[in-house]
Structures are given as C-alpha cells and as structure tokens.
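Chemist: Build me a structure from this.
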Amino acid sequence: NVILTSGDSVTVSNLVNSLTADTDSLPIGPVATSPFRPLGVWRQRAGSLTVIVAPGQTVNTTSPAILTFPLRNPERPFAAVTPLVSANGTVSIPLTAATGRILGSATAALFVFRSVKESTAQQGAF
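Modeler: Predicted coordinates for the structure are as follows:
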C-alpha cells in the first residue's frame, strides 16, 4: 500500500493568483503529523508547490496525507482554480486534476483529491 517513500516528491500546481513570492522554504504542516519535510518549494508564476517525503516517512493508499501551507490571496476578485497533483519517486503519479476548485474569491474552501482545503476565502488574506 506504500506509494511514496522518503525523498519522493509531490507537486501541487495550478495554484495561480497567489501573491506569495517564490521561496524554497514555504512552511508545510501540520508538522506533527505530516509525512512531508517541513519546508516546500513554492513558485508563484507557475502556481506550484513541491514537497518531499521526510526521512523515515511514507505515503500510502490507506490513509490521507494532510498538507497545509500558507498562500496570500490577491485583493481583487479572481476565479477559483482546479489544483493539479503529481508525484515522482518510488511510484510516479501523472498529473491529475483534483475534484474541486479552490482559491477563488467566492469558493467553498474544500476539495478532495486526497483532501485539500484553504483556511480562508477572504481576499487579501493569508
């Protein structure tokens, strides 16, 4: 049931419209229970976040891997997007669309691919 192991990567993309600048150290949570390293690589223009499975950790098909991270919403209205998820490593997972839309100024704050949500839909907020 293990599909990703230590050092494998997961990329969430199409998270466009964020005002969060490029960084190689975007905080990833929840730290106590996440199978991922505590910092991810964020690229604003591409709207992509890449995270690495932490040493000694695995991601399997029988339990959710929760991934939280802060992105700053723009101050202007914007359309919601459909996140895309891929993985590389022990098993490669091709680019797959999530089953919902997020980050829009008027969207419900939840979609399910393997479960992702945002903490606020308020414009100009973290």
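Chemist: Pretty sure Thr82 is one of the things Val16 touches, is it not?
Modeler: No. Contact criterion CB atoms under 8 Å: Val16 and Thr82 do not qualify, at 10.6 Å. For glycine as for every other residue, the C-beta is placed from the backbone atoms N, C-alpha and C.
Chemist: In this structure, which residue sits furthest out from the middle?
Modeler: Arg76 (22.3 Å; CA atoms, centre = their mean).
Chemist: Quick check: that one vs Asn60, distance?
Modeler: Separation of Arg76 from Asn60 (CB to CB, to the nearest Å): 40 Å.
Chemist: so Gly29 bridges to which residues?
Modeler: Thr68 (DSSP bridges).
Chemist: Considering only helices and strands, which part of this protein has the lowest mean pLDDT?
Modeler: In the chain, no helix or strand scores lower on mean pLDDT, DSSP states H and E than strand 110-111, which sits at a mean of 40.
Chemist: can you pull the contacts of Ser92?
Modeler: Contact analysis of Ser92 by CB atoms under 8 Å, 6 or more residues apart in numbering lists Ser86.
Chemist: Same question for stretch 81-91: list its buried residues.
Modeler: Of all the residues in stretch 81-91, those buried under the rule 16 or more other CB atoms under 10 Å are 81, 83-87, 89.
Chemist: Can you redo those residues as a markdown table, where the extra columns are secondary structure and pLDDT?
Modeler: Output for those, formatted as a markdown table (DSSP: H, G, I helix; E, B strand; the rest coil; pLDDT from 0 to 100):
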| residue | secondary structure | pLDDT |
| --- | --- | --- |
| Val81 | strand | 82 |
| Pro83 | coil | 87 |
| Leu84 | strand | 89 |
| Val85 | strand | 88 |
| Ser86 | strand | 89 |
| Ala87 | strand | 89 |
| Gly89 | coil | 86 |
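Chemist: Could you work out the most separated pair of those?
Modeler: Spanning the widest gap among the buried residues of stretch 81-91 are Val81 and Gly89, at 25.3 Å by CB to CB.
Chemist: got the residue ranges for the strands in the chain?
Modeler: Secondary structure of the chain, counting by DSSP state E: strands at 2-5, 9-13, 23-27, 39-43, 48-52, 58-60, 84-88, 93-97, 110-111, 116-117.
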